[in-house]
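Peer 1: kindly generate the corresponding structure for this input.
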Amino acid sequence: MRTPTWQNYLFAVEALITLPLYTTLTIFIISWRKRNSVFRSAYYTITLAQALPDFLIIVTYSIIYTARFLHIGNEFIFKHQDFFFANYMMSQATVLLIMKALAVTGIAFQRYLSLCCHTSWLHQKINRCPPWIFYLFIWGAPVLICAPIWLNDNAKFTDSDDLNFITPEDVAKADLLAGYLFTNYALTVSNFAFINPWTLLILNTDVRRNLLGSLKINSFDNSSRPAIKSTRVETISTRAAST
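Peer 2: You can find the predicted model right below:
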């Protein structure tokens, strides 16, 4: 059994702390978009778009680390490696980082237009774009860029214990980013994946105000229901006694 590094432990701690917050924020933003036009803007559409690579990073590396270090599910992954498992595990580092890069660049560009060129035709055009265009660009472009790696079906695991890769030379060269970052990849990926919800919560007033308001409403509803029920029971009892 392989010994986890400090980077792996850091990834696990950040996942346990950040994943519930990230999931809550994502669900709330989706629900706020239905009744608040602010959250239907291009900024929040791109923010939701980068949530997909973040969650895929968390799920992918949680699975691979669990299989490598705890030997849970490693036999299943090794047995079914021909069903795209090996190719995905090998190339997902590049795909997901390109998704993150496009999303962060899109948010920075949209913020620049909103603050410095808010009357320009380009800013108005971006604000009127339907959400699916942003999703298609941020999610689709990295898949097309890395399609040659994914379509190359030569990636294999060496064994079921370590789940290391045997890759042809051309594929290994094509995925240089993953190889360069491999030694500290858990730390790098965790920072890229988990920074989004914390920046939203700390720096975004709209998100913080709506989140606190939603939590207060939910707590008020939960605390007031027993009182309402007891009031109804007392009212019914009083009416029965008077009659």
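
Peer 1: helices of the protein, start to end?
Peer 2: Secondary structure of the chain by DSSP state H: the helices cover 6-32, 42-49, 51-69, 74-79, 86-116, 121-128, 131-145, 147-151, 169-174, 176-181, 185-203, 205-242.

Peer 1: okay if I get these as CSV plus distance to residue 158 and mean neighbour count?
Peer 2: Yep, even glycine has a C-beta here, placed from its N, CA and C like the rest. Formatted as CSV, those follow (distance: least, Cβ to Cβ, whole Å; neighbours: other Cβ atoms under 10 Å):
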stretch, distance to residue 158, mean neighbour count
helix 6-32, 19, 16
helix 42-49, 35, 22
helix 51-69, 12, 18
helix 74-79, 9, 16
helix 86-116, 10, 18
helix 121-128, 47, 13
helix 131-145, 27, 15
helix 147-151, 19, 14
helix 169-174, 14, 13
helix 176-181, 16, 14
helix 185-203, 18, 17
helix 205-242, 45, 11
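
Peer 1: got a markdown table for these, with mean pLDDT too?
Peer 2: Shown next, in a markdown table, are the helices of the chain (pLDDT from 0 to 100):
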| stretch | mean pLDDT |
| --- | --- |
| helix 6-32 | 87 |
| helix 42-49 | 92 |
| helix 51-69 | 82 |
| helix 74-79 | 77 |
| helix 86-116 | 84 |
| helix 121-128 | 88 |
| helix 131-145 | 91 |
| helix 147-151 | 73 |
| helix 169-174 | 46 |
| helix 176-181 | 45 |
| helix 185-203 | 78 |
| helix 205-242 | 58 |
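
Peer 1: rebuild these as JSON lines, extending it with distance to residue 157.
Peer 2: Shown next, in JSON lines, are the helices of the chain (distance: least, Cβ to Cβ, whole Å):
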{"stretch": "helix 6-32", "distance to residue 157": "19"}
{"stretch": "helix 42-49", "distance to residue 157": "31"}
{"stretch": "helix 51-69", "distance to residue 157": "10"}
{"stretch": "helix 74-79", "distance to residue 157": "5"}
{"stretch": "helix 86-116", "distance to residue 157": "6"}
{"stretch": "helix 121-128", "distance to residue 157": "43"}
{"stretch": "helix 131-145", "distance to residue 157": "23"}
{"stretch": "helix 147-151", "distance to residue 157": "16"}
{"stretch": "helix 169-174", "distance to residue 157": "14"}
{"stretch": "helix 176-181", "distance to residue 157": "15"}
{"stretch": "helix 185-203", "distance to residue 157": "17"}
{"stretch": "helix 205-242", "distance to residue 157": "41"}
